[in-house]
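# I need the structure of the sequence given here:
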Amino acid sequence: MAVRINTKAIERHYPHIVELMVPLKGFGPKLHDMHEWHTTRGIQSQRGSGRYYQGRHYVRWCFGGPEDAKAFQAEFGGELIRPST
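You can find the predicted model right below:
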């Protein structure tokens with residue numbers, strides 16, 4: 001059985017975060033592309049704390065290093081969140 005880690009712990013271990021606004025009708029096939037992006041690079045996808053703000057949902061993709069976060073952002077958009085110091 002897989003062990004689930006809470007999202008705050010994920011964000012501590014993978015502090016380079018790209019936050020994306022979820023489209024009103026969801027990501028659709030783009031979500032598969034996001035997971036495939038991780039697979040082709042040999043990294044496990046990690047999602048952090050989502051949030052709901054002004055009627056919209058946001059999801060956070062978390063990375064161990066800044067290079068992966070920047071590459072993901074370049075491919076899929078979103079806002080790069082600096083790790084807390």
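
# residues making contact with the longest strand belonging to the chain?
Taking DSSP state E as the criterion, the chain has its longest strand at strand 56-63. Contact with strand 56-63 is made by 7, 10-11, 13-22, 34, 43, 45-52, 69, 72, 78, 81, as judged by Cβ atoms under 8 Å, 6 or more residues apart in numbering. Heads up, the C-betas are built off the backbone N, CA and C, glycines and all.

# tell me which element the closest residue to Ile81 other than its chain neighbours falls in.
Among residues not flanking Ile81 along the chain, Ile17 sits closest, at 3.9 Å (Cβ to Cβ, 6 or more residues apart in numbering). Using DSSP states H and E, Ile17 sits in strand 16-21.

# Which positions in that strand come out as buried?
Using 16 or more other Cβ atoms under 10 Å as the test for burial, strand 16-21 gives His16, Ile17, Val18, Glu19, Leu20.

# give me every residue that touches the residue nearest to Ile81.
Residues in contact with Ile17, defined by Cβ under 8 Å, 6+ apart, are Glu11, Gly48, Arg60, Trp61, Cys62, Phe63, Ala69, Leu80, Ile81, Pro83.
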